[in-house]
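> Predicted structure and sequence below. I'll ask about it afterward.
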Amino acid sequence: MSTALITGASSGIGAVYARRFASRGHDLVLVARTTQKLEDLAAELRAAYGVIVEILTADLIDATQRQTVENRLRDGSPIDVLVNNAGDNSAGTIAETKPVDLEKLVTLNVTVPTLLAAASGMARRGTGTIINIGSVVGFMPEHFSGIYAATKSYILTLSQSLATELGSEGVHVQAVVPAATRTAIWERSGVDANTLPNLMEVDDLVDAALVGLDRKELVTIPPLGDEALWQNLESARHGLLGGLGGTKPAERYRLEK
Ligand code: NAP
């Protein structure tokens, strides 16, 4: 039996991951702040699929509460699939957002997935899957104010680094890169999702992400029809690498004498 730990499992994308992994026969550890929602979902999944479901109520921004999740990953029975899904957005500009709120966003979107991946112990065991939920916003920082885009860009880079580091140890890493998806995140950030021009249904998003997972993709971008567009971007990035190894500043940066 395999066990999946899903952060942000009380609603939206995380709750659908919970349903899908339960339907595939995985036991679950569900993490979020709202105990009642986790309990309701756990009861539903136990009844429907006969799987074992633990719940861990934790505000992942709080270091002490986060520690309980890290401890579960590190010291409990092995977690085979970690879904780093809990996240928040913020439409506020960097100037109008309080430093404490900037710090909370970076903690939830950047620090938490990093620490949970580290705590998973998968490299040591030589097996496991880490799924990190990014966002297409990471590709388009010009179109969004504040730091949300930067935090989601980190998720892609983190996933690529971890895939290189842990792939040879038998751990599969997948970055899932959703576009606008119908969940409560929009309402919480003051946006009526129905006004968005393109909105994916959350079931469709997770089902597509799981197709990518089953294909062992490193990066899954559910709304992207033309895979060549992504491959071209990666080729261009790899092309850049050849120009980054100079021991002296490039000619164009030398002071004129
Ligand atoms: P959602 O429905 O609001 O779900 C967010 C989940 O994270 C909830 O279960 C929430 O549960 C949990 N959470 C939030 N803050 C937390 C904290 N401090 N500690 C523990 N759990 C916390 O939103 P969603 O759209 O499914 O978001 C899931 C992920 O998808 C996020 O990383 C988001 O950035 C990403 N994403 C979403 C979209 C979209 O359009 N929806 C697009 C691209 C990427 P509690 O409130 O119970 O804690």
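Looks like it arrived, so ask away. Numbering: from 1, shown residues only.
> for the ligand, what are the nearby residues on this protein?
By CB under 6 Å from any ligand atom, the residues of the chain that approach the ligand are 8-14, 32-34, 37, 59-61, 85-89, 108, 133, 135, 178, 180-181, 183-185, 188. C-beta coordinates here come from the backbone N, C-alpha and C atoms, glycine included.
> Please tell me how far residue 79 sits from residue 246.
In this view, residue 79 and residue 246 are 43 Å apart by CB to CB, to the nearest Å.
> So between those two, which is more surrounded?
Each of residue 79 and residue 246 has its neighbours counted (other CB atoms under 10 Å); residue 79 has more, 24 against 9.
> Quickly list what the residue nearest the centre of the chain is bridged to.
By CA atoms, centre = their mean, the chain has its centre lying nearest to residue 133, at 2.2 Å. Following DSSP bridges, residue 133 is listed with bridge partners residue 176.
> and the helix or strand hosting residue 117, how far out from the chain's middle?
Secondary structure here is read from DSSP states H and E; on that basis residue 117 sits in helix 112-119. Between the centre of helix 112-119 and the centre of its chain there are 11 Å (CA atoms, centre = their mean, to the nearest Å).
> CA-only coordinates of the next helix or strand after that helix, as CSV, when you get a sec.
Stepping forward along the backbone from helix 112-119, the first helix or strand reached (DSSP H and E) is helix 122-125. These are the backbone C-alpha positions of helix 122-125, laid out as CSV (Å, rounded to 0.1, in the frame of the first residue of the first chain):
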residue,chain,number,x,y,z
MET,A,122,12.6,9.8,-0.2
ALA,A,123,16.2,10.2,-1.4
ARG,A,124,17.3,8.1,1.6
ARG,A,125,14.7,5.4,0.8
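> Report all helices and strands that helix 122-125 contacts.
Counting by 3 or more CB pairs under 8 Å, 6 or more residues apart in numbering; DSSP states H and E, the packing neighbours recorded for helix 122-125 are strand 128-133, helix 148-167.
> same thing but 7 Å
In this structure, helix 122-125 packs against no helix or strand, with contacts taken as 3 or more CB pairs under 7 Å, 6 or more residues apart in numbering; DSSP states H and E.
> can you list contacts of it?
78, 128, 130, 166, 169, 171 (CB atoms under 7 Å, 6 or more residues apart in numbering).
> contacting residues for the third one?
Contacts for residue 130 (CB under 7 Å, 6+ apart) come out as 82, 84, 117, 120, 122, 162, 171, 173.
> gap between the fifth one and residue 248?
For residue 122, the distance to residue 248 equals 41 Å [CB to CB].
> Please say which of these two ends up with more neighbours.
Per other CB under 10 Å, whichever of residue 122 and residue 248 has more neighbours is residue 122, with 26 against 7.
> quick revisit: what is the nearest of the contacts of helix 122-125 to the ligand?
The ligand lies nearest to residue 130 out of the contacts of helix 122-125, by CB to the nearest ligand atom, at 14.2 Å.
> For the protein, which segments count as strands?
Remark: strands of the chain, listed N- to C-terminal, are 3-7, 27-32, 53-57, 81-84, 128-133, 171-176, 219-220; assignment by DSSP state E.
> partners of the last one in the sheet?
If I follow you right, that is strand 219-220. Applying DSSP bridges, you get strand 171-176 (parallel) as the partners of strand 219-220.
> For residue 31, give the beta-bridge partners.
Applying DSSP bridges, one finds that residue 31 bridges with residue 7, residue 56.
> Measure how the helix holding residue 117 sits relative to strand 128-133, angle-wise.
Between helix 112-119 and strand 128-133, the angle formed by their directions is 180 degrees, by axes from the mean of the first three to the mean of the last three CA atoms, to 10 degrees.
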